[in-house]
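1. pasting the sequence and the predicted model now:
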Amino acid sequence: MSDPLANETIPAETTGAEATAGLDNRVNIYMPFNVVVDELTAELFGKAVDLSGTEIIVADEIPVNMLYDADASEGWLHFLQALDEDTFEVYVNRSKVEDVSGAFAAALYLEAGEEYDPTNNGSPHLDASGAFGADVGETWYNYNSLQDFLMGYFAKKILGHPGALAAISNDSSLRAAYTAKYKAGMRAIEGEAASAISAVPAQLDASGVASVIVSDEPDNGLTQADLNIIVQQMMNQAPERFSTEVGDRGTLQPVQWKDGDKIYVQLKLANNNYQLNQTAPTSDTHGVLLGVNNASSIGTLTSISDDYYVLVFTLGLAA
């Protein structure tokens with residue numbers, strides 16, 4: 001599995017510098033995988049334009065009880081510290097993974113983004129103002145879905161403005177391809193169906209975690225190393241969540257998440273392209289848009305350089 005942190009500078013808040021600031025800390029967790037949207041081609045006309053910015057703020061909160069339910073003593077992740085205190089393992093609760101993955105997709109209005117609806121222009125589900133700068137106008141800071149942002153990305157990157165959508169003639173196929181790639185990237189949360197199932201040791205109380213996913217295959221889900229990265233970040237910032245009051249060593253305990261915690265997922269737009277329709281106007285074909293029957297006349301692919309964005313999710317009130 002690719003590691004987006006390998007070449008990135010981790011912000012200070014993930015290093016533990018503020019870990020002892022209080023007993024009610026909120027944490028910032030950087031997920032150890034990329035969502036890669038690659039090798040898509042927008043069919044349009046225009047010129048290359050630089051794009052800047054990194055963060056896309058997701059307005060709709062992720063219900064905190066999707067990741068941790070204090071009443072049920074159940075979580076998405078469960079933590080087991082060895083009796084000798086030197087090691088720990090993290091388990092994934094199989095019954096929660098679809099809820100967690102579904103909550104991330106719902107916050108991005110993934111299914112709603114399959115079709116473009118102009119009445120949703122400026123809908124504040126996604127704040128991409130950091131991506132498009134001040135010159136595009138406030139209308140284009142907000143997006144109804146991540147697919148809408150992707151269309152704006154292509155339009156801004158190539159035509160100079162995220163509102164120049166009419167030139168992109170394969171909008172629906174780009175949206176469908178993006179949706180598939182997003183789901184493939186986020187599958188790390190769920191694990192593939194073939195992921196190894198690891199039984200909780202018999203001597204432990206596993207009442208909340210009858211079966212867990214532990215994958216040692218990089219493409220099958222979050223590995224033990226990935227899970228450790230997630231939990232170590234939380235330990236550094238909010239060690240009180242792992243104090244003895246939570247549970248005895250050697251006992252499986254849910255990892256505690258709180259409203260206000262933030263989860264960061266890196267979105268990598270890599271190796272994408274655009275190409276120009278060079279067909280002269282005819283009675284059967286619009287002069288600037290690509291038609292099904294003139295695909296052979298499309299010009300040479302032009303690469304769009306890699307861009308990295310960070311989807312910022314915030315945990316909120318329980319569902």
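-> Everything's here; your move. Numbering: from 1, shown residues only.
2. got the contact list for residue 127?
-> Residues in contact with residue 127 (CB atoms under 8 Å, 6 or more residues apart in numbering) are 56-57, 59, 141-142. In this view, the C-beta of every residue, glycine as well, is placed from N, C-alpha and C.
3. which of the residues you listed fall in strands?
-> 56-57, 142 (DSSP state E).
4. can you confirm residue 266 is in a strand?
-> Yes: Residue 266 forms part of a strand when assessed by DSSP: H, G, I helix; E, B strand; the rest coil.
5. is it bridged to anything, and to what?
-> residue 34, residue 310 (DSSP bridges).
6. residue 308 is in contact with that one, correct?
-> Yes: using CB atoms under 8 Å, residue 266 is in contact with residue 308, at 6.2 Å.
7. the two: which is more packed in?
-> Set residue 266 next to residue 308 and count neighbours by other CB atoms under 10 Å: residue 266 wins out with 21 against 14.
8. check that one and give its pLDDT.
-> Looking at residue 266, its pLDDT reads 80.
9. for residue 183, same thing?
-> Confidence at residue 183, expressed as pLDDT, is 85.
10. in three-state terms, label it for me.
-> helix.
11. just put the ones in strands among the contacts of residue 127 in TSV and tack on pLDDT, neighbour count and distance to residue 25.
-> Shown next, in TSV, are the ones in strands among the contacts of residue 127 (pLDDT from 0 to 100; neighbours: other CB atoms under 10 Å; distance: CB to CB, whole Å):
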residue	pLDDT	neighbour count	distance to residue 25
56	89	21	25
57	91	19	21
142	87	20	30
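12. which residues in the stretch 201-319 of the chain form helices?
-> For the stretch 201-319 of the chain, applying DSSP state H, counting those that start in this stretch gives helices covering 224-237.
13. now do residue 313, the pLDDT please.
-> 92.
14. count of neighbours near the residue nearest to it when sequence neighbours are not counted?
-> Nearest residue to residue 313 in three dimensions, chain neighbours excluded: residue 263, at 4.5 Å (CB to CB, 6 or more residues apart in numbering). Number of residues near residue 263 (other CB under 10 Å) recorded here: 21.
15. now do the contacts for residue 181.
-> Counted by CB under 8 Å, 6+ apart, residue 181 has contacts 35-38, 40.
16. between these, which is nearest residue 95?
-> Nearest to residue 95, judged by CB to CB, of the contacts of residue 181 is residue 35 at 23.9 Å.
17. any idea of the pLDDT on the closest one?
-> pLDDT recorded at residue 35 is 64.
18. the stretch 51-200 of the chain: helices as residue ranges?
-> For the stretch 51-200 of the chain, helices defined by DSSP H, counting those that start in this stretch occupy the ranges 97-107, 129-132, 146-159, 171-190.
19. now do the shortest one: which elements does it pack against?
-> I take that to be helix 129-132. Secondary-structure packing of helix 129-132 (3 or more CB pairs under 8 Å, 6 or more residues apart in numbering; DSSP states H and E): strand 55-58, helix 146-159.
20. contacting residues around the nearest residue to residue 177 once chain neighbours are set aside?
-> Using CB to CB, 6+ apart and skipping residues adjacent in sequence, the residue nearest residue 177 is residue 40, 5.6 Å away. Counting by CB under 8 Å, 6+ apart, residue 40 touches 174, 177-178, 181, 272-273.
21. possible to save the residues you listed as a markdown table with distance to residue 222?
-> A markdown table is the format used below for the contacts of residue 40 (distance: CB to CB, whole Å):
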| residue | distance to residue 222 |
| --- | --- |
| 174 | 28 |
| 177 | 25 |
| 178 | 23 |
| 181 | 18 |
| 272 | 26 |
| 273 | 31 |
